[in-house]
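Trainee: would you be able to build a 3D model of this:
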Amino acid sequence: MAVARKIGIFAGSFDPIHNGHIAAAYAANEKAQLDRLFFMVEPSPRHKQGVKAFEHRSEMVRLAIAEMPLFGSIILDQPQFTMTDTLPILQSRFAGDELYFVMGDDVAGHIVNWTDIRSMAQQLRIIVVTRSTKPSVIQEQLSSLSGVLGLSLESADVTEKQSDTSSSAIRKAVKNGQKLDTIHPGVLAYIKRHNLYGSSGLGS
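Mentor: This is a model prediction of the structure:
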């Protein structure tokens with residue numbers, strides 16, 4: 001009988017992917033001892049307007065993790081991800097494996113409003129990557145959420161390194177032609193080559 005693997009799923013817009021995302025993925029792996037972690041780029045994020053084309057964001061993810069065997073990427077034929085529609089697809093793809101959903105502390109505060117959150121919490125584990133919020137505060141939020149939903153969420157808190165890194169800050173720095181060391185060199189070269197985020201004047 002095959003031994004179940006621990007599979008992490010890290011969904012997001014990744015516009016662009018940066019070192020903070022990578023640090024979060026490694027932190028999640030360290031916390032849960034994952035066998036693999038897959039980045040899953042959402043084609044049309046609900047709460048973000050004006051994101052770059054899915055093809056660009058997917059390619060930047062591929063470039064960022066190309067030399068990291070622990071990580072992979074998943075492309076699903078869905079414009080937006082929902083637990084109702086997306087989770088069964090992931091369960092089919094990783095049949096027999098244990099799924100871990102990786103999310104940032106900004107997302108954790110909103111999961112009470114997600115459709116079928118009870119079903120989701122019973123079928124996978126949640127790893128909350130704390131960045132701007134202290135782990136103790138996150139744990140309090142999750143405990144409160146568990147009480148509201150009437151279930152016990154399996155969750156873990158991890159602390160992200162490079163917590164001051166954000167996609168919005170990188171987009172602004174690129175537009176202003178500032179030097180960047182918080183993004184993979186291959187991703188930065190791709191941004192410059194395709195003039196993403198107003199990068200035509202970005203120096204070497």
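
Trainee: which elements pack onto the host helix or strand of residue 63?
Mentor: Remark: residue 63 resides in helix 54-65, with elements defined by DSSP states H and E. Contacting helix 54-65 under the criterion 3 or more C-beta pairs under 8 Å, 6 or more residues apart in numbering; DSSP states H and E are the following elements: helix 19-32, strand 36-41, strand 71-74, helix 185-193. (C-beta placed from N, C-alpha, C; glycine too.)

Trainee: again, only this time at 7 Å
Mentor: The helices and strands touching helix 54-65, judged by 3 or more C-beta pairs under 7 Å, 6 or more residues apart in numbering; DSSP states H and E, are strand 36-41, strand 71-74, helix 185-193.

Trainee: taking helix 54-65 as reference, get the angle to the last one.
Mentor: On the basis of axes from the mean of the first three to the mean of the last three C-alpha atoms, to 10 degrees, helix 185-193 is oriented at 150 degrees to helix 54-65.

Trainee: buried ones in helix 185-193?
Mentor: By neighbour count on 16 or more other C-beta atoms under 10 Å, the buried set for helix 185-193 is 187-188, 190-192.

Trainee: same deal with the shortest one?
Mentor: Along strand 71-74, these residues count as buried under the neighbour rule (16+ other C-beta under 10 Å): 71, 73-74.

Trainee: okay if I get the helices and strands packed on helix 54-65 as JSON lines plus distance to residue 63 and mean pLDDT?
Mentor: Shown next, in JSON lines, are these (distance: least, C-beta to C-beta, whole Å; pLDDT from 0 to 100):
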{"stretch": "strand 36-41", "distance to residue 63": "12", "mean pLDDT": "96"}
{"stretch": "strand 71-74", "distance to residue 63": "11", "mean pLDDT": "97"}
{"stretch": "helix 185-193", "distance to residue 63": "4", "mean pLDDT": "95"}
